[in-house]
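> predicted model and sequence follow; I will ask about them next.
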Amino acid sequence: MLVATTRRVSLIRSLGRASRHGSYIGLVTRVRPTFKLDQIDSRGRIRHLAQTTSTSKLAKYSSNAYLEFRFSTDPVMASLKPPQLPPTWQHTVEDIERLTTEALAKDKKISDDIVQLPEDQLGFDNLALANTEATFDIAIEPLSFYQNVSTDKAIRDVSTKSEERARKYANQESMREDLYKVKVTAAANLRKTGAWDALSAEQKRLVDKMLLDGKRAGLGVESKEEREKLKRLKDDLSDACLKFTQNFNEENGRISFTREQLDGVPEDVISGYTQRTEGDNVLYEVTFRTPDIFPVFKYANDPKTREAAQQAFDDRLANNVGYLDTALRLRRQIAEILQYDSWADYITEVKMVKSAANAKKFLDGLKAHLDPLGTQERATLLGLKKEVHTKRGLPIDDNLYIWDYRHAHLEIYSSLYYDRLYVERNLDLDDSLVKEYFPVSVVVPAILDIYQNLLGVKFVEITGDARDVWHPEVQQFAVWEMDAKDESGFIGYCYLDLFPREGKYSHAAVWGLLPGYELPEGKRHHPLTAMVANLAKPTPERPALMRHDDVTTFFHEMGHVFHGLLSRTRYSRFHGTAVARDFVEAPSQMLENWCWEPEVLKKMSSHYKTQEPLSDDLIAKIIKSRYVNVGLFYLRQLFFANFDLAVHNNSLDVNTDYTKLWNELREKISLVQGSEDKPGQGTFGHIVGGYDAGYYGYTYSLVFAADMYATVFKKAPLDPALGRLYRDKILFVGGSRDDMDSLKDFLGREPDPKAFINEIERDGNGDAARASNL
Ligand SMILES: [Zn+2]
């Protein structure tokens, strides 16, 4: 499933400065949203299907809900005064309109003035425009943030408008030829005068990146005719993608089954289907929405039912095939005008992976490692299938079909028919029991505490008159170095907005609302990050509890918070999470590992009645559940990534039948058989939704995350010395150098996918594969 547009957009902002630099597209902070509205657990462990935590259901419990915890306030720290005041959150509709207008006008004046300067006066200072960019973001980001958190619809609306105006303006500016010329001339002057050599590495990088932005936007295309053609192609591309997405969002097909065909599907799911009568038969209409169709994949005992559902599901967006063909053709033409070998090369140029060839090499290497594991898992599931088919008197063949075992694009919908059976047999883990050990009031402070110690920082809550927040439930913190003695130890501000309410952003995400950077007079501008989440609220019967999955998500998101706080770059453009998009998730993915460490799980857990931490037995089960059948899961991820990369590569014939390619690759890579070819590529929303030639990034960053964890932290996950290393080598530098350099610096060597493979093999169920020679 594709992440909702709002989420994507908000993450664009959460990732910082991107909007000013041409190609900007967000990415999921995590494959699983905090709250699953579809009631399907990622590992088939929840048997209490009614226990959904959707915002609407929570509303009725929200009467007395409020944070039950407070952070202890260190008196010395509390007496320190941050050198920078936090922003106010008391804006009116008029304020937001006026401040947006002012910010745009101010920014435009600076650009307009620069292009008037005589050519020989252009140098680094006016080329960089770096602090102008920061000032613009500082003005705009908080204003466009209100749309996610304000309880006032008028504020939310004007905030959305503010963001649209800013985005439109930034797009126009990024396409200004006169500004691009200024940058090119300034860069040439730098070289000519020798001033280039005096620049720091970060300054050189800034110049290079700014010129590259212009080149990638097409401003370097010499012929006016070609530039105009480029603009037309881009418009057509955005139309094709928009239509694909519209179809995707508006899809409302369905498939009907009889009661008998639905045998195995839980009663409460069936009772939710619309019924209709056809002749003597009562038919149940199953829409292709996940809460409807996925229980069929997961529970329907009749393989014919699952097959029919699968085929219809893959065929549901056949009307997108033409739009995808168009988009791919246009991308080829655009890449050609911009003088790239392929769209995939164009896209990957600004990623950590650098080229389409490198991305392919990565996928092939990982596939070689995953094949034995997937083959073993397939054999296990096939054994289970034979057993079931024998018992039911069903025909037996040697195939594991996609409707026997399938994963959707994202982990959230994993664990279908035989995978579920396997889990039920081999893992006796009750998610709702685990949840009782994770009250919000224990977990959140425990996680902050872990981070504080690990990274050597201190959170001091701002209370009383000084507190200024957008909603009473929000907590505001000044973040200091642990040993701060004076204002030089100030790091920045952090806001936690953790509980659901009407009109609020409905997933978990982190916004870098203010960047950190060096002010002209040598002082620093300090960052501000805000975490917005939707943790469960308390009920009359029990306190707010988190599932283990929610705990992991929270830990992950806090990782982004610290990336945004602890970066110390000279320019805001490189601050914090402003790293390559195929690396930005790696630090937080690495940090998720803490939630699978027995020592840490003990620290974070406390049963809401007995105050006992999780037992060793439960911890062992949680850990065991992590990598069940993940070999097949990741092979399926590799299928998506390979398809995505293949169709954006010019070595593929321009007249390729993408339906055929989709089905061929699926069978070949994900080790599950299909039947008659259906145009599943029409359902692959990522490819038009900002992940084009980027799907590989999901596994790419995971592999680095595993390597970082295994190489550095595994031996002592809570050791502050290792935390310091992480701060210095990864967080501190942000995007101010190549991410690969940061990673190598942190690891002390080249990255290696072995750690990832070792990890999933050790804890997974691929016993035989463990013996494979890696
Ligand atoms: Zn993330």
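Nice, I can see it.

> which one is the residue in the stretch 551-700 of the chain positioned nearest to the ion nearest to, not counting chain neighbours?
At 4.5 Å from the ion, residue 588 is the closest residue in the stretch 551-700 of the chain, using C-beta to the ion. Every residue, glycine included, has its C-beta placed from N, CA and C. In space, and not counting its chain neighbours, residue 588 is closest to residue 559: 3.4 Å by C-beta to C-beta, 6 or more residues apart in numbering.

> check which helix or strand covers the one you found.
Per DSSP states H and E, residue 559 falls inside helix 548-565.

> what helices and strands are in contact with that helix?
Helices and strands touching helix 548-565, by 3 or more C-beta pairs under 8 Å, 6 or more residues apart in numbering; DSSP states H and E, are helix 431-435, helix 440-455, strand 490-497, strand 509-514, strand 528-532, helix 586-591.

> check contacts around whatever residue of the stretch 251-400 of the chain ends up closest to the ion.
Ranking the residues of the stretch 251-400 of the chain by distance to the ion (C-beta to the ion) places residue 352 first, at 15.6 Å. For residue 352, the contacting residues are 579, 580, 582, 583, 700, 738, 739, 740, by C-beta atoms under 8 Å, 6 or more residues apart in numbering.

> quickly find the element holding the last one.
It stands for residue 740. If you go by DSSP H and E, residue 740 is part of helix 739-747.

> give me the angle between the following helix or strand past that helix and helix 739-747.
Where DSSP H and E defines the elements, the next helix or strand beyond helix 739-747 is helix 754-763. In terms of direction (axes from the mean of the first three to the mean of the last three C-alpha atoms, to 10 degrees), helix 754-763 departs from helix 739-747 by 60 degrees.

> buried set for helix 754-763?
Neighbour-count burial for helix 754-763, with 16 or more other C-beta atoms under 10 Å as criterion, is recorded at 755, 756, 757, 758, 759, 760, 761, 763.

> that helix packs against which elements?
In terms of contacts (3+ C-beta pairs under 8 Å, 6+ apart), helix 754-763 is packed against helix 356-392, helix 630-647, helix 696-708.

> how big is the angle separating it from helix 356-392?
10 degrees.

> so the residue nearest to residue 588 sits against residue 586, correct?
No. If you go by C-beta atoms under 8 Å, residue 559 and residue 586 don't touch, sitting 9.7 Å apart.

> nearest residue to whichever residue of the stretch 151-300 of the chain sits closest to the ion in space, please, no chain neighbours.
The nearest approach of the stretch 151-300 of the chain to the ion comes at residue 163, 21.0 Å away (C-beta to the ion). Distances taken as C-beta to C-beta, 6+ apart place residue 144 nearest to residue 163, at 3.5 Å, with adjacent residues excluded.

> hmm, back to that, turn the helices and strands packed on helix 548-565 into TSV, columns for distance to residue 102.
Formatted as TSV, these follow (distance: least, C-beta to C-beta, whole Å):
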stretch	distance to residue 102
helix 431-435	48
helix 440-455	37
strand 490-497	23
strand 509-514	17
strand 528-532	20
helix 586-591	35
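
> those: which one's closest to residue 122?
Ranking these by proximity to residue 122 (C-beta to C-beta) places strand 509-514 first, at 29.3 Å.

> distance between that closest one and the chain's centre?
Centroid separation for strand 509-514 versus its chain: 13 Å, with C-alpha atoms, centre = their mean, to the nearest Å.

> quick check: mean pLDDT of it?
For strand 509-514, mean pLDDT rounds to 94.

> hmm, that strand in reach of the ion?
No. Strand 509-514 does not reach the ion (C-beta under 5 Å from the ion); its nearest approach is 7.5 Å.

> so what touches the helix or strand just after that strand?
Where DSSP H and E defines the elements, the next helix or strand beyond strand 509-514 is strand 517-518. Residues from elsewhere that reach strand 517-518, judged by C-beta under 8 Å, 6+ apart: 130, 131, 134, 524, 525, 569, 570, 571, 572, 575.

> 7 Å instead, please
Strand 517-518 has contacts (C-beta atoms under 7 Å, 6 or more residues apart in numbering) with 134, 524, 525, 569, 570, 571, 572, 575.

> which helices and strands sit right next to the next helix or strand after that strand?
Where DSSP H and E defines the elements, the next helix or strand beyond strand 517-518 is strand 524-525. Strand 524-525 sits against no helix or strand, with contacts defined as 3 or more C-beta pairs under 7 Å, 6 or more residues apart in numbering; DSSP states H and E.

> can you list the strands that strand 524-525 pairs with?
Strand 524-525 has the following strand partners under DSSP bridges: strand 517-518 (antiparallel).

> any regions of the chain where pLDDT drops low?
Across the chain, residues meeting the criterion (pLDDT under 70) sit at 1-74, 127-130, 406-415, 762-774.

> break it down into its domains, please.
Per the record, the chain has its domains at 5-86+434-625, 94-220, 222-392+399-427+628-699, by automatic domain parsing.

> show the end-to-end separation of the last one, please.
Using C-alpha to C-alpha, to the nearest Å, the span of domain 222-392+399-427+628-699 from its first residue to its last is 38 Å.

> re earlier: now, which of the contacts of residue 352 sits nearest residue 154?
So of the contacts of residue 352, ranked by how close each gets to residue 154 (C-beta to C-beta), first place is residue 579, at 36.3 Å.

> tell me which element that closest one is part of?
Using DSSP H and E, residue 579 falls outside every helix and strand.

> could you find the closest non-adjacent residue to it?
Per C-beta to C-beta, 6+ apart, closest to residue 579 is residue 735, 4.3 Å.

> tell me how many other residues surround the one you found.
Residues near residue 735, counting by other C-beta atoms under 10 Å, number 26.

> SS state for it?
Three-state call for residue 735 (DSSP: H, G, I helix; E, B strand; the rest coil): coil.

> tell me the contacts of it?
Counted by C-beta under 7 Å, 6+ apart, residue 735 has contacts 574, 578, 579.

> of those residues, which is the most crowded?
Most neighbours among the contacts of residue 735, by other C-beta under 10 Å: residue 579, with 27 neighbours.

> in CSV: the helices and strands packed on helix 754-763, plus mean neighbour count and distance to residue 610.
Compiled in CSV, the helices and strands packed on helix 754-763 are given as follows (neighbours: other C-beta atoms under 10 Å; distance: least, C-beta to C-beta, whole Å):
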stretch, mean neighbour count, distance to residue 610
helix 356-392, 18, 37
helix 630-647, 25, 33
helix 696-708, 25, 34
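
> any idea how far residue 613 is from residue 538?
21 Å (C-beta to C-beta, to the nearest Å).

> ok, those two, which is more surrounded?
residue 538 (21 against 17).

> thinking again about what came up before, turn the helices and strands packed on helix 548-565 into CSV, including mean neighbour count.
Below are those laid out as CSV (neighbours: other C-beta atoms under 10 Å):
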stretch, mean neighbour count
helix 431-435, 18
helix 440-455, 20
strand 490-497, 24
strand 509-514, 26
strand 528-532, 24
helix 586-591, 25
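
> quick one, which of these gets closest to residue 170.
Nearest to residue 170 among the helices and strands packed on helix 548-565 is strand 509-514 (16.4 Å), distances taken as C-beta to C-beta.

> relative to strand 528-532, how tilted is the closest one?
160 degrees.

> with just CA atoms, put strand 509-514 into PDB.
Extracted in PDB, the C-alpha atoms of strand 509-514 (Å, rounded to 0.1, in the frame of the first residue of the first chain):
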ATOM      1  CA  ALA A 509       6.200  11.400  12.200                       C
ATOM      2  CA  VAL A 510       8.800  13.800  13.100                       C
ATOM      3  CA  TRP A 511       9.100  17.400  11.800                       C
ATOM      4  CA  GLY A 512      12.300  19.300  11.800                       C
ATOM      5  CA  LEU A 513      10.600  22.600  12.200                       C
ATOM      6  CA  LEU A 514      13.700  24.700  12.700                       C
END
